[in-house]
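> Take a look and give me a structure for this.
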Amino acid sequence: MFNSILNQAFEQYVFDRVDNILNIAGVTDAKYRKVVKEADSVLTQLMAIARELEAQQPELLRLVMEYEAATTIESGLTAEIVYREGIRDSLSIRQEFTAFMQKQI
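Presented below is the predicted three-dimensional model:
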């Protein structure tokens, strides 16, 4: 039960931290801001085209919306995976550095 509580707390921490990092990047990272703006522009154009063609291709608008949802989920999961690997890397680097320092003494 304790592990379950810790896992839930860690999951929430990772979710909150990744969300916070991306919010900060949206404000401070010009390259990230530019890519997000470009992606939003492309999606807006796709939605406009899908609405224009809705009578001829009724499934197109639904597909564009589903694609947007899928890419949003994929992007969030990617960020979480990268963050988790960063935590693992930091632990590994710390262990290696500690071992290196012990050899030096």
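> Compute the number of surrounding residues for residue 80.
By other Cβ atoms under 10 Å, the residues close to residue 80 number 16. Glycine gets a C-beta too; all of them are placed from N, C-alpha and C.
> Setting the sequence-adjacent residues aside, check what's closest to it.
Using Cβ to Cβ, 6 or more residues apart in numbering and skipping the chain neighbours, the partner closest in space to residue 80 is residue 18 (5.3 Å).
> helices or strands up against the helix or strand residue 73 falls within?
Here residue 73, judged by DSSP states H and E, is contained in helix 58-104. Where contact means 3 or more Cβ pairs under 8 Å, 6 or more residues apart in numbering; DSSP states H and E, helix 58-104 is packed against helix 2-28, helix 30-52.
> Next, find the distance separating the closest residue to residue 84 other than its chain neighbours from residue 5.
Take residue 84 and drop its neighbours on the chain: the residue closest to it by Cβ to Cβ, 6+ apart is residue 14, 6.4 Å away. Applying Cβ to Cβ, to the nearest Å, the value for residue 14 to residue 5 is 15 Å.
> More neighbours: these two, which one.
Taking other Cβ under 10 Å, residue 14 and residue 5 do not tie; residue 14 has more neighbours (16 against 9).
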